[in-house]
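# What would the 3D arrangement of this be:
(4 chains)
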There are 2 protein chains.
Amino acid sequence: MNTLAEENYLKSIYHLSVNATSVSTNQLAALLNTKASSVTDMLKKLAEKELINYTPYQGVSLTATGEKIAVNIIRKHRLWEYFLVEKLDFKWDQVHEMAEELEHISSNELIDRLDKFMEYPKFDPHGDPIPDCNGLFKIHNLKPVSSIGINEGGVICGVRDHSKAYLQYLEKQSLTIGKKVTVAEIIEFDHSMILQTEDKTIQISRDVANNLLIAL
Amino acid sequence: MNTLAEENYLKSIYHLSVNATSVSTNQLAALLNTKASSVTDMLKKLAEKELINYTPYQGVSLTATGEKIAVNIIRKHRLWEYFLVEKLDFKWDQVHEMAEELEHISSNELIDRLDKFMEYPKFDPHGDPIPDCNGLFKIHNLKPVSSIGINEGGVICGVRDHSKAYLQYLEKQSLTIGKKVTVAEIIEFDHSMILQTEDKTIQISRDVANNLLIAL
DNA sequence: TAATAAATTTAGACCTGTCTAAATTTATTG
DNA sequence: CAATAAATTTAGACAGGTCTAAATTTATTA
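Coordinates of the predicted model:
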């Protein structure tokens, strides 16, 4: 099918495309921890295979085929993450690297059966939607906690930062998926916020609030 | 750690070592579907890493380190096969290719947790022993059905041929792991055998009998 | 044991995916 | 709008793993 490197490029282009119509060579190089010249080389190959639309100096976007492949990799990644957390009891900050490997296991039958085994979960351990076997998924309309006002609140449903450090911090503060939070106070000086949950009051920085997503 | 190719070489050397003290370049080339010259190149690399004992023209054997790595890959392979059959309902003839990919997922913590999740199975779906997290496993003392006499019998506990065709044939004849069989008759002409199971009588060729392993 | 056959290794090439350094294109700004 | 900066691409190289063809070593056998 496609090589590991190709799959990672498609996945990265997909992720970067969420906030833009076109993705730049440098953006990809940064995300993939490689050099711009390497990216250019690979873009030519992917364009040759008609998985991306590529015009030199003008950035890239996925073709329909390329997007389908990317979404399938993301489906695999998220289903494996769900498996690791729900069945093997890993913590949400431990599963990313393993899923980065597992997402490249080729069999679709395997992933569809895994999906069934887990009873078709709709969201992964970080709150990201899991595409179904046709590549379809709902886009949750979430807001960062930093965007809401005093006495407003909602249920934690996702994160924007998936780093180990951030996830571990949230875990320690019990700010995990499903928790209901309300903004009790906003400190004007640094925009830090005081959150009220069912069992305690927690102060978080603007940075933390910015990456914590809730449904109203 | 080690590359995919290196892991496959170590695994192949291990398997070929079961019936010999030393493994030849050509044996490896045949098993790995590659050319002898490619094997030689890789053997140099593995020797450099001290994973094998290699003297040009004299064949190879695994070092203690190399064997440890090989056994770990086999452990992963067999645990994943067990998972695919027992949890995802695949048939025993469907899992080999998937396990060939899954065995290279690097995390040992993952495989140890998978082991626990399945309650530490001792044999994979083909009856092969699964090494524990220390690399230890019991060698079942099995005999091919072809080696026993009339009115003797035992319980099917393994196969020597792991090919899809062979496994599918056995499945169709209900000659699967755990079945009790007795030799009712041996046809002198071609050494085919008539087996008696609990619910039926089955005639199998010498070839089939040779690859079917039972515990007395 | 000399000649031949089989097995193995070496030499040189290729492909993938990467890199550095240099060249080119596009964007920015005085 | 010309000069500079930033982004991108090209050129040429390299490492891993493979290949074919040729050379070498070991095994076989007449």
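
# Can you say which helix or strand has residue A:81 in it?
Using DSSP states H and E, residue A:81 maps to helix A:64-86.

# near chain B, anything from that helix?
Yes: counting by Cβ under 8 Å from any Cβ of the partner chain, chain B is contacted by helix A:64-86 at residue A:84. Placement of C-beta: from N, CA and C, glycine included.

# What is that helix packed up against?
Counting contacts by 3 or more Cβ pairs under 8 Å, 6 or more residues apart in numbering or on different chains; DSSP states H and E, helix A:64-86 packs against helix A:4-17, helix A:96-102, helix A:108-117.

# Relative to DNA strand D, which of these is closest?
For the helices and strands packed on helix A:64-86, the distance to DNA strand D is smallest for helix A:4-17, at 11.4 Å, taking Cβ to the nearest atom of the strand.

# Just the buried positions in whichever strand or helix holds residue A:157, please.
Secondary structure from DSSP H and E places residue A:157 in strand A:153-159. Buried residues in strand A:153-159, counted by 16 or more other Cβ atoms under 10 Å in any protein chain shown: A:153, A:154, A:156, A:157, A:158, A:159.

# bridging residues for the first one?
For residue A:153, the beta-bridge partners under DSSP bridges are residue A:182.

# That one contacts residue A:179, correct?
No: the criterion here is Cβ atoms under 8 Å, and residue A:153 misses it with residue A:179 at 10.3 Å.

# contacting residues for residue A:61?
A:13, A:17, A:21, A:22, A:23, A:52, A:53 (Cβ atoms under 8 Å, 6 or more residues apart in numbering or on different chains).

# Looking at those residues, which is nearest DNA strand C?
Nearest to DNA strand C among the contacts of residue A:61: residue A:22, at 10.5 Å, using Cβ to the nearest atom of the strand.

# Find the nearest non-adjacent residue to the residue positioned nearest the centre of chain A, please.
Nearest to the geometric centre of chain A sits residue A:128, at 5.8 Å (Cα atoms, centre = their mean). Counting by Cβ to Cβ, 6 or more residues apart in numbering or on different chains, residue A:128 lies nearest to residue A:78, which is 5.9 Å off, once chain neighbours are set aside.

# didn't the one you found look like it was pressed against residue A:118?
No: judged on Cβ under 8 Å, residue A:78 makes no contact with residue A:118 at a distance of 10.9 Å.

# Next to DNA strand D, which bits of chain A? Give me the list.
Within chain A, the positions adjacent to DNA strand D are A:24-27, A:36-37, A:39-41, A:43-44, A:54, A:56-59 by Cβ under 7 Å from any atom of the strand.

# could you redo the last one with a cut-off of 10 Å?
Taking Cβ under 10 Å from any atom of the strand, the part of chain A that reaches DNA strand D is made up of A:22-30, A:35-44, A:47, A:54-60.

# count of residues packed around residue A:50?
11 (other Cβ atoms under 10 Å in any protein chain shown).

# Could you do residue A:109 as well?
The burial count for residue A:109: 12, using other Cβ under 10 Å.

# so the residue located most distally from the centre of chain A, which of the three states?
Most distant from the centre of chain A: residue A:189, at 31.0 Å, with distances by Cα atoms, centre = their mean. Of the three states, residue A:189 takes coil according to DSSP: H, G, I helix; E, B strand; the rest coil.

# Could you report the separation of it from chain B?
Applying Cβ to the nearest Cβ, to the nearest Å, the value for residue A:189 to chain B is 43 Å.

# List the contacts of that residue.
By Cβ under 8 Å, 6+ apart, residue A:189 lies in contact with nothing.

# Torsion angles phi and psi at it?
With angles defined as degrees, to the nearest 10, residue A:189 sits at phi -50, psi -50.

# Distance across stretch A:119-127, terminal residue to terminal residue?
Counting by Cα to Cα, to the nearest Å, you get 17 Å between the two ends of stretch A:119-127.

# which residues are in contact with it?
A:77-79, A:81-82, A:84-86, A:92, A:95, A:115, A:129-130, A:132, A:137-138, A:140, A:142, A:156-159, A:162, A:167, A:177, A:213.
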